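Q: give the three-dimensional model of this entry:
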Amino acid sequence: MSEQGLAAGRAPGLGVVDVVRGVTAAATAAAAVVHFAYAPAHFDHTTSHGTFFAVIGWAQLLLAGALAFRAPRERLWLTATVALNAFVIGVWIVSRTVGVPGEDEAEPVGFPDTLTTVLEGVAVLGALAILLHLLADRPVKARPTFGFAAVAALATMVLVSLSIAPSFAGSHTHGEGAHDHGDGAHDMAGGDHDHGTGEGELAGGEHGHDDGSGSSDDHGHDSDSGSGSDDDHGHDSASSSSDDDHAHSTGSNSSHDSDHNDDDGHGHGTTTTTHGDHGHATTTTTHGGHGHETTTTTGHQHGSTTTTTHGHEDPGDDWAATRLAALTGHLTPEKIAEFRAKALTHLKSEIRRRSSTLPELPEAERNRRIDTFAAWSVDNALEAENGHSHGPKPWVPLTDPDDQRALQLQLTAAGTAIPRYPTAADAVAAGYVQVTPYIPGIAAHYMNFDLQDRTFDPAAPEMLLYNGNSPSSELVGVSYAMFGAQPGPNDGFVGANDEWHEHPSLCVLGVLVVGPDHTPDDLCETVGAFKLRGNSLWMSHLWQVPGWDSQWGLFSGENPAINMATSDLMQP
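A: So this is what the prediction gives:
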């Protein structure tokens, strides 16, 4: 019973003030639990962020205990409860509206931070009500009060438990930078690595793919492309290339045709024509089941003929230049420099707040390391590695009608992910976390660690790909991922087209891949990151999001539509 009640000569009992005091203490303690739960993940990013969460958690726990056990000088504890919780609420509001100092943008609102803020609000209101004598000091009936308290306590425990469960909570970023780490308990090695890091594509943009094929020449080409879709399946495409004496324009269009003018609705027909003094004629016949067979008859060189039916051609001599032009989006040097500057700014910010090593260094040395690493990583973002090159991936025909139908069903299932996760914010809310920055050709990767069970499910991709680093970034593709041994022949889509590529030694920091497989070990270590070895990451991309079709193949390692110009980094 309250002190006022004792002064009035009433018998000791449970009063309204006692109930409110208990609610205030419980709400403050529950908020402390959430802060403790996310402190370790924040320590993985920066010492200051982890310290903030730990200090707030201990302070809230101390106040909850003081209120629950009626420590002397109660008004002091109540005042401290109001001040601390109001301060944390204020930090949360700033971080979700304008962003805290040192961050690029405001953070998205998530379930854990919203719940914590509500609990802190309840504590502030309860403490103020007692301090300002707003409550009638009358006794309450014990049985219904305890019943209500039990239900409320159980509900609070359930909500708090859900808020710290990664698969339900997603990303929790209460009171500081936008740390996409809803899976702080998971590590980059898929649960087997001791460093607690996240996995994904490189910050430097590499993929270990099988050799693609493409034809080109020794002269520059201008290219443009367009795509449209009526559904998520059959693709018909046309592309053009030039002969070696002339520079010609190339145009390519891909469409998803709901009529499926082939055996299984997935026949890809490719026709190539080249204009000039040495007329080139190319014809293509397409057979069922995504099948591609290409016959090229060339009038140049006195009627030489090249036929490609399956597999890969060796990339032409000028493929590197053609690829680079596509992935830069044919931007001017000035615009490319602008993209590079924005990519640098983002990567430096991520390194600065995620590294637990750098804060201990003098500022000048810290900045030097960040600048050196970020410049190397961004400038090596488009390097092909592991002995493979990226290129158009000719289709291997499916000749079995059952296989054709099975592939159709798999692609239909994969298409169900598109409307579920239209933006990066939707992915985070569903438990995905960002594990790579945006890289031309492959996008920004968000991974759901709870799906890492080495089971291939077309409808549940382990990774979602977005055209930028912001919560509003747009879905452009999906990727399937497995750790450990190379996926077996039954892991993946029916047919021989979705070849898996390996990442054996990514440079990782916290839950973010900050450097490609070929990042030098000593350079990786300068920012507190490490090379992931001994538990390779295997990946396979799928490009069937309408408007983001890959003209290099449905399962191509890189997608030319995902370039510097189409990234939201370049949007005003």
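
Q: kindly format the C-alpha coordinates of stretch 407-419 as PDB.
A: What follows is stretch 407-419 as a C-alpha-only set of coordinates in PDB (Å, rounded to 0.1, in the frame of the first residue of the first chain):
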ATOM      1  CA  LEU A 407      10.500 -26.500 -64.800                       C
ATOM      2  CA  GLN A 408       7.300 -24.600 -65.600                       C
ATOM      3  CA  LEU A 409       5.900 -25.400 -62.200                       C
ATOM      4  CA  GLN A 410       9.100 -24.500 -60.400                       C
ATOM      5  CA  LEU A 411       9.300 -21.100 -62.200                       C
ATOM      6  CA  THR A 412       5.700 -20.500 -61.300                       C
ATOM      7  CA  ALA A 413       6.400 -21.200 -57.700                       C
ATOM      8  CA  ALA A 414       9.500 -19.000 -57.700                       C
ATOM      9  CA  GLY A 415       7.300 -16.200 -59.100                       C
ATOM     10  CA  THR A 416       5.200 -16.100 -56.000                       C
ATOM     11  CA  ALA A 417       8.000 -14.400 -54.100                       C
ATOM     12  CA  ILE A 418       7.800 -11.300 -56.400                       C
ATOM     13  CA  PRO A 419       4.600  -9.800 -55.000                       C
END
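
Q: wasn't His445 part of a strand?
A: Yes. Assigned with DSSP: H, G, I helix; E, B strand; the rest coil, His445 falls within a strand.

Q: report the contact partners of it.
A: Contacts for His445 (Cβ atoms under 8 Å, 6 or more residues apart in numbering) come out as Gly200, Glu201, Gln434, Val435, Thr436, Met463, Leu464, Leu465, Ser479, Val513. The C-beta positions use only the backbone N, C-alpha and C, and glycine is treated the same way.

Q: what separates Ala429 from Thr423, distance-wise?
A: Distance of Ala429 to Thr423, computed by Cβ to Cβ, to the nearest Å: 9 Å.

Q: same thing with Pro516?
A: Distance of Pro516 to Thr423, given as Cβ to Cβ: 27 Å.

Q: so where's the stretch 301-450 of the chain uncertain?
A: Low-confidence segments of the stretch 301-450 of the chain (pLDDT under 70): 301-317, 384-390.

Q: let's see it at 50
A: Scanning the stretch 301-450 of the chain for pLDDT under 50 picks out 301-315, 386-389.

Q: could you do the chain as well?
A: For the chain, the stretches with pLDDT under 50 are 1-11, 166-187, 189-315, 386-389.

Q: and the top helix by length along it, what does it pack onto?
A: As assigned by DSSP state H, the longest helix anywhere in the chain is helix 16-45. Where contact means 3 or more Cβ pairs under 8 Å, 6 or more residues apart in numbering; DSSP states H and E, helix 16-45 is packed against helix 47-68, helix 74-97, helix 111-131, helix 142-163, helix 333-354.

Q: neighbouring contacts of the following helix or strand past the last one?
A: Read in the C-terminal direction, the helix or strand following helix 333-354 is helix 363-379, with elements assigned using DSSP states H and E. Here helix 363-379 makes contact (Cβ under 8 Å, 6+ apart) with 203-204, 340, 343-344, 347-348, 351-352, 358-359, 361, 507, 514-516, 519, 523-524, 526-527.

Q: any idea which of the helices and strands packed on helix 16-45 gets closest to Asp318?
A: Proximity to Asp318, assessed across the helices and strands packed on helix 16-45 by Cβ to Cβ, is greatest for helix 333-354 (19.2 Å).

Q: I'd like to know which elements that closest one is packed against.
A: Using 3+ Cβ pairs under 8 Å, 6+ apart: helix 333-354 touches helix 16-45, helix 363-379, strand 507-509, strand 512-515.

Q: columns distance to Gly99 on top of the ones you listed, output as CSV?
A: Output for the helices and strands packed on helix 333-354, formatted as CSV (distance: least, Cβ to Cβ, whole Å):
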stretch, distance to Gly99
helix 16-45, 16
helix 363-379, 20
strand 507-509, 21
strand 512-515, 19
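
Q: can you redo the ones you listed as CSV with distance to Asp400 and mean neighbour count?
A: What follows is these, written out as CSV (distance: least, Cβ to Cβ, whole Å; neighbours: other Cβ atoms under 10 Å):
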stretch, distance to Asp400, mean neighbour count
helix 16-45, 48, 23
helix 363-379, 44, 17
strand 507-509, 41, 29
strand 512-515, 38, 30
